[in-house]
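Asker: Fold the stuff below for me.
(2 chains)
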Amino acid sequence: KAGVTQTPRYLIKTRGQQVTLSCSPISGHRSVSWYQQTPGQGLQFLFEYFSETQRNKGNFPGRFSGRQFSNSRSEMNVSTLELGDSALYLCASSLSGDYGYTFGSGTRLTVV
Amino acid sequence: AQSVTQPDIHITVSEGASLELRCNYSYGATPYLFWYVQSPGQGLQLLLKYFSGDTLVQGIKGFEAEFKRSQSSFNLRKPSVHWSDAAEYFCAVGVRERGSQGNLIFGKGTKLSVKP
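Answerer: A predicted model of the protein is given here:
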């Protein structure tokens, strides 16, 4: 079966712009989590969605937001981009958020 | 506060040699523990996980890990390393709160290089 698909794979944006990243989970998976990976901070949890509801949120500013659609696909949005938002953004899906996570290959965001 | 420490940033081993990657965690309750591997430009692949029961856990690709509660450790081992094992390895603890199990706290990772 198809894995977790993240689009786009690479993205370059300018400071102050906003960006939307997309994640299509494995078919049947209802939980989607997002992580940010940077060389300095490592992997940090952004948020988790289950059945269109945000169940948990990490310690990120309000510029970071997300949503989940009825087909379990998820998007995350970052507004007013800063240079420090440059990172690899990883999406992971599982059947019910029971740690059976499968990660996508990520979206590499570069803010210039 | 929950945390995961991987003391070794970079390890180099010879192909065929044994490997042990260290991981220490801090978590108040019984931890859910994981090891992931990441190849350059790729996402994370789960190697193995520990929830309860037998403290020696077998994973994919010939890896195993041992949970030692007294030492708050979950070290990853492989008896004979292959060149294809060169990658970055992450230890993680799963945080359970407010009905959500979506929060993994990761260590900073250990980069493994394999010498021919």
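Asker: I'd like to know how far the residue nearest the centre of chain A sits from chain B.
Answerer: With distances taken as CA atoms, centre = their mean, A:Trp34 lies nearest the centre of chain A, 3.6 Å away. Distance of A:Trp34 to chain B, given as CB to the nearest CB, to the nearest Å: 9 Å. The way it works is simple: take the backbone N, C-alpha and C, and place the C-beta from them, glycine included.
Asker: Spit out the contact partners of that residue.
Answerer: By CB atoms under 8 Å, 6 or more residues apart in numbering or on different chains, the contact list for A:Trp34 reads A:23, A:45-48, A:66, A:74, A:76, A:89-92.
Asker: Please pull out the lowest mean pLDDT helix or strand from chain B.
Answerer: strand B:100-106 (a mean of 77; mean pLDDT, DSSP states H and E).
Asker: Also chain A?
Answerer: That would be, for chain A by mean pLDDT, DSSP H and E, strand A:53-57 at a mean of 90.
Asker: With only the CA atoms kept, save that strand in CSV.
Answerer: Taking C-alpha atoms only, strand A:53-57 is exported to CSV below (Å, rounded to 0.1, in the frame of the first residue of the first chain):
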residue,chain,number,x,y,z
THR,A,53,-9.7,17.3,15.7
GLN,A,54,-6.5,18.6,17.1
ARG,A,55,-5.7,16.3,20.1
ASN,A,56,-2.3,17.6,21.1
LYS,A,57,-0.1,20.6,20.3
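Asker: how far does it sit from the chain's center?
Answerer: Distance of strand A:53-57 from the chain centroid (CA atoms, centre = their mean, to the nearest Å) equals 13 Å.
Asker: Now for whichever residue of chain A sits closest to chain B, how many residues are close by?
Answerer: Residue nearest to chain B within chain A (CB to the nearest CB): A:Glu48, separated by 2.8 Å. Neighbour count for A:Glu48, taken as other CB atoms under 10 Å in any protein chain shown: 27.
Asker: State the distance from it to B:Asn75.
Answerer: 28 Å (CB to CB, to the nearest Å).
Asker: How about A:Leu88?
Answerer: Distance of A:Leu88 to B:Asn75, computed by CB to CB: 26 Å.
Asker: for the next helix or strand after the least confident helix or strand of chain A, which positions count as buried?
Answerer: Tracing the chain past strand A:53-57, the next element assigned as helix or strand by DSSP states H and E is strand A:64-68. Buried residues in strand A:64-68, counted by 16 or more other CB atoms under 10 Å in any protein chain shown: A:64-66, A:68.
Asker: Those residues into TSV, with extra columns for distance to B:Gly28 and pLDDT?
Answerer: Shown next, in TSV, are the buried residues of strand A:64-68 (distance: CB to CB, whole Å; pLDDT from 0 to 100):
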residue	distance to B:Gly28	pLDDT
A:Phe64	27	98
A:Ser65	30	97
A:Gly66	28	97
A:Gln68	30	97
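Asker: Among those residues, find me the one that's closest to A:Pro8.
Answerer: Ranked by distance to A:Pro8 (CB to CB), the buried residues of strand A:64-68 are led by A:Gly66 at 16.6 Å.
Asker: Many thanks, I have nothing further to ask.
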